[in-house]
Every structure is written in structure tokens, then in C-alpha cells.
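Enquirer: I'd like to go over a predicted model; first the sequence, then the structure.
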Amino acid sequence: MTPQTITCDLSGGTPPFPPAGDYLLTVSTGNGTSQIDVWDLTIGAVGPAGPQGPQGIPGIVGLEGQSCPTNQFVTGFDATGKIICSAETDAPPPPSCVNTTFTFTITSSSGSPLTQAAWQGGTATQNDTKNCSVNVNQPSGAVDLVGGTAGAIPWSVNFISGYSNCFITLVNQPDCSGLSLSASEPVVQNYPTCTSGLCDLGTCSTGVATDTAQVQCVP
């Protein structure tokens, strides 16, 4: 780039134009932002320095190492410069639950010629992508309670989190093919049953039965 010189004669007129004072001079050419320059310009003699102004309010110092507890945030400072923390009451609510169907599966203990296979009971939990969850009671008791469920615990909902309601929609017929004299058998009051819980006479394979239940949860 070739250096350029701009000469301005500001001495004409009575009084001279412009009058003495401080100005921000801007020089520009073309349309690009890089073709503009500005600088301070003083016309006339520079006056004496003015009196010193009053002392300003001290800034807040000593913030190093200060922090708010979990789930709180800084909302201000006290007179000594310490931070003031408040609970995060304005935090967005967690995502709401959606209609979800869960499938739970249970496998019985192994039957033998002298020992009945049994459902192992206990509880199981599943949750969706928004961490809304359901916990169910799994069947507990012998697998061959055909015609009645006295003393047995069926599939049932134990507790829920995030949903307004969860309920058993389907208990499938158990797969009893691993036990002798067994096939798919009835479900009695949400309790899966098999004709036999024994594994004998060389007619069974694994000696166990399996069952699944579906749970529908609504927000």
C-alpha cells in the first residue's frame, strides 16, 4: 500500500473553524470496515489538569475459594465481599414421563426328580430414557400350582417413580417345556403355572420354566 497524506486547513473563518476543543476525528474511504480510522484530535492549547475526583467504591475482592453448595448459585455479595447463595428454584423441571410398556422376564429354579421347580420371587426395576421407573414383585412359589395360588405371590406392581400409574397388562403363559409333562400352561390371577415342577424320567431338558409380564405406565 502506498502511504497517503491528508492536509486539512482549519484556520479559515472568524473565529477559526472549528473552535478550540477535543474532537474524535474519523477518516474513511471505500465501503470496507478496514478502511476507517479514528483518533483523538485537540484544537487549541491543552488546558490544565482538573482537580482529583472523589475516591470510588472499593471493588469486591477475596472471592478466591468461595463457592456455593450443590444445587445453589450466586445471587449477590454481602458487605464483606462474601458471596450469597440461593437455592436453584428457577431450574427447569425434569423431562416428563411418557407412555411406556415394560417387559419383565423370570426364570424358575431347576426341578429334579424329587424337587419342585419354583419361581424365585424378589423385585425387578426398569426405567425409560427420562429415568421414570417402575418396580415389580416377581412370582414366588412352586411352578405347579394348577387350580389355585394359595401361598404364592403373583406378578404385581410394587412402586413407581415419575409416572401417575403403572399396571400389569399381560402375564404370558409360561414356557414349561424345560420340565417333564409340561407345555404352555394357564395363568391364574397373574400367577404363571405349569402341569409339573419335576424333572424326571429323562423327559425334560433344562428343568426350568420361564415367564414374561408386560407393565404399562402412564404419565
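Expert: Arrived safely, thanks for sending.

Enquirer: Strands along this protein, start to end?
Expert: Counting by DSSP state E, the chain has strands at residues 21-28, 36-43, 72-77, 83-87, 100-107, 118-120, 123-127, 133-137, 140-142, 156-161, 165-171, 187-188, 191-192, 210-218.

Enquirer: Would you mind finding the most buried of those strands?
Expert: strand 191-192 (a mean of 26; mean count of other Cβ atoms under 10 Å). C-beta coordinates here come from the backbone N, C-alpha and C atoms, glycine included.

Enquirer: In its sheet, which strands sit next to it, and in what direction?
Expert: Each strand that pairs with strand 191-192, with its direction, by DSSP bridges: strand 187-188 (antiparallel).

Enquirer: Now do the same contact list for residue 84.
Expert: Residues near residue 84 by Cβ atoms under 8 Å, 6 or more residues apart in numbering: 74-78.

Enquirer: same question but for residue 126, I mixed them up
Expert: By Cβ under 8 Å, 6+ apart, the contact set of residue 126 is 102, 104, 133-134, 215.

Enquirer: in this protein, what secondary structure element scores lowest on mean pLDDT?
Expert: The element with the least model confidence among the helices and strands of the chain, by mean pLDDT, DSSP states H and E, is strand 36-43, at a mean of 66.

Enquirer: Of the contacts of residue 84, which is the nearest to residue 210?
Expert: Of all the contacts of residue 84, residue 210 sits closest to residue 74, with 55.8 Å by Cβ to Cβ.

Enquirer: Could I get the contacting residues of that closest one?
Expert: 68, 83-85.

Enquirer: Apply 7 Å and report the result again.
Expert: The contact partners of residue 74, by Cβ atoms under 7 Å, 6 or more residues apart in numbering, come to 68, 83, 85.

Enquirer: So it versus residue 87, what's the distance?
Expert: Relative to residue 87, residue 74 is positioned 12 Å away (Cβ to Cβ, to the nearest Å).

Enquirer: Could you do residue 188 as well?
Expert: For residue 188, the distance to residue 87 under the criterion Cβ to Cβ works out to 52 Å.

Enquirer: cool, and residue 131?
Expert: Note on residue 131: its distance to residue 87, by Cβ to Cβ, is 22 Å.

Enquirer: Low-confidence regions, this protein specifically.
Expert: The chain contains residues with pLDDT under 70 at 1-3, 9-18, 24-25, 30-41, 44-46, 56-63, 88-95, 146-150, 180-184, 201-202.

Enquirer: hang on, the earlier thing: format the strands of the chain as a markdown table; extra columns: distance to residue 8.
Expert: As requested, these are arranged in a markdown table below (distance: least, Cβ to Cβ, whole Å):
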| stretch | distance to residue 8 |
| --- | --- |
| strand 21-28 | 9 |
| strand 36-43 | 10 |
| strand 72-77 | 51 |
| strand 83-87 | 54 |
| strand 100-107 | 78 |
| strand 118-120 | 97 |
| strand 123-127 | 76 |
| strand 133-137 | 78 |
| strand 140-142 | 99 |
| strand 156-161 | 78 |
| strand 165-171 | 83 |
| strand 187-188 | 100 |
| strand 191-192 | 100 |
| strand 210-218 | 80 |
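
Enquirer: what's the closest of the ones you listed to residue 50?
Expert: Judged by Cβ to Cβ, the one of the strands of the chain that comes nearest to residue 50 is strand 21-28, at 13.2 Å.
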